[in-house]
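Colleague: Requesting a structural model of the entry that follows:
(2 chains)
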Amino acid sequence: AQSVTQPDIHITVSEGASLELRCNYSYGATPYLFWYVQSPGQGLQLLLKYFSGDTLVQGIKGFEAEFKRSQSSFNLRKPSVHWSDAAEYFCAVGAGNTPLVFGKGTRLSVIA
Amino acid sequence: DAGVTQSPTHLIKTRGQQVTLRCSPKSGHDTVSWYQQALGQGPQFIFQYYEEEERQRGNFPDRFSGHQFPNYSSELNVNALLLGDSALYLCASSLGAGGHYNEQFFGPGTRLTVL
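Modeller: Just a heads-up that it's a prediction; the model follows:
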């Protein structure tokens, strides 16, 4: 069965600093990979997704993620964090016609 | 263009009661999926509706049931509530039967508290 691990429960970064959120997955075939963001009181918003092709994926709000098959990872990055990026971030994996499996999330705090 | 809407926003019930949550999909979308998000966890897939039928179901007991109406809106019903059913219930809409991988748009959720 597929699974997703987000090793960091909570990360704090300074505004303007770079960000990397880790995601490791377990799946037998080539997975579909997603990153979602959830702000307080809001639903999830899709940041980016990887299905195939170029392993570096660009998303909204200046985020990007890189698929590394050898490491079973799909880490999310942003070169310069803004205070409005403070939120909960979820990595998700799926394939075929199976439902998405989400990680437990990483809470991002941004300090001045 | 209204996005996905859910009602009510918050709900408090007692053990053993029944609850109905409602979802209106984004305009033009025909597929609705329901997720349960317990505190400190990621969303877990409950089931998906397309063409008024349950197309897929996650690992949830029969106490969880749903319905999709001709206008594509949907309801989630939970019977015999348990304390462990306390969670944020998210509805997501998408277009087409391949609804997991067509982009899903999520509503803000309904916070259910079972006392």
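Colleague: For stretch A:18-31, list every residue counted as buried.
Modeller: Within stretch A:18-31, the residues that count as buried by 16 or more other CB atoms under 10 Å in any protein chain shown are A:19, A:21-25, A:27, A:31. To be clear about C-beta, it is placed using only N, CA and C from the backbone, and glycine gets the same treatment.
Colleague: just stretch B:75-95 next, same as before
Modeller: Within stretch B:75-95, the residues scored as buried using 16+ other CB under 10 Å are B:75-76, B:78, B:81, B:85-95.
Colleague: Please apply the same query to stretch A:8-20.
Modeller: Of the residues in stretch A:8-20, A:13, A:19 count as buried by neighbour count, 16+ other CB under 10 Å.
Colleague: Now the buried residues of stretch A:18-31 in CSV, please, with extra columns for pLDDT.
Modeller: CSV is the format used below for the buried residues of stretch A:18-31 (pLDDT from 0 to 100):
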residue, pLDDT
A:19, 97
A:21, 98
A:22, 98
A:23, 98
A:24, 97
A:25, 94
A:27, 83
A:31, 86
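Colleague: same for chain B: which of those residues are within range?
Modeller: Filtering the buried residues of stretch A:18-31 for proximity to chain B by CB under 8 Å from any CB of the partner chain leaves nothing.
Colleague: Sort out for me which of those residues are in strands.
Modeller: The members of the buried residues of stretch A:18-31 that map onto strands under DSSP state E are A:19, A:21, A:24-25.
Colleague: out of the buried residues of stretch B:75-95, what pair is the most spread apart?
Modeller: B:81 and B:95 (32.5 Å; CB to CB).
Colleague: Per-residue pLDDT of the closest residue to residue B:108 other than its chain neighbours, please?
Modeller: Closest residue to residue B:108 apart from its sequence neighbours, by CB to CB, 6 or more residues apart in numbering or on different chains: residue A:43 at 4.9 Å. pLDDT, residue A:43: 86.
Colleague: ditto for residue B:22
Modeller: The predicted local confidence for residue B:22 is 98.
Colleague: Then residue B:29?
Modeller: At residue B:29, the model reports a pLDDT of 92.
Colleague: Please name the bridge partners of the residue nearest the centre of chain B.
Modeller: Geometric centre of chain B, nearest residue: residue B:34, 3.0 Å, by CA atoms, centre = their mean. Under the criterion DSSP bridges, residue B:34 forms beta bridges with residue B:47, residue B:91.
Colleague: quick one: it from residue B:92, how far?
Modeller: Distance, residue B:34 to residue B:92, by CB to CB, to the nearest Å: 8 Å.
Colleague: Report whether the expected contact of residue B:48 with residue B:55 is present.
Modeller: Yes. Between residue B:48 and residue B:55 there is a contact under CB atoms under 8 Å: 5.0 Å.
Colleague: These two - which one has more neighbours?
Modeller: Comparing residue B:48 with residue B:55 by other CB atoms under 10 Å in any protein chain shown, the one with more neighbours is residue B:48, at 26 against 15.
Colleague: check contacts around that one.
Modeller: A:99, B:31-34, B:54-57, B:99-100 (CB atoms under 8 Å, 6 or more residues apart in numbering or on different chains).
Colleague: sec struct for the residue nearest the centre of chain A, please.
Modeller: The structure's chain A has its C-alpha centroid closest to residue A:35; by CA atoms, centre = their mean the separation is 3.7 Å. What DSSP: H, G, I helix; E, B strand; the rest coil gives for residue A:35 is strand.
Colleague: pretty sure residue A:8 contacts residue A:22?
Modeller: Yes. Between residue A:8 and residue A:22 there is a contact under CB under 8 Å: 6.1 Å.
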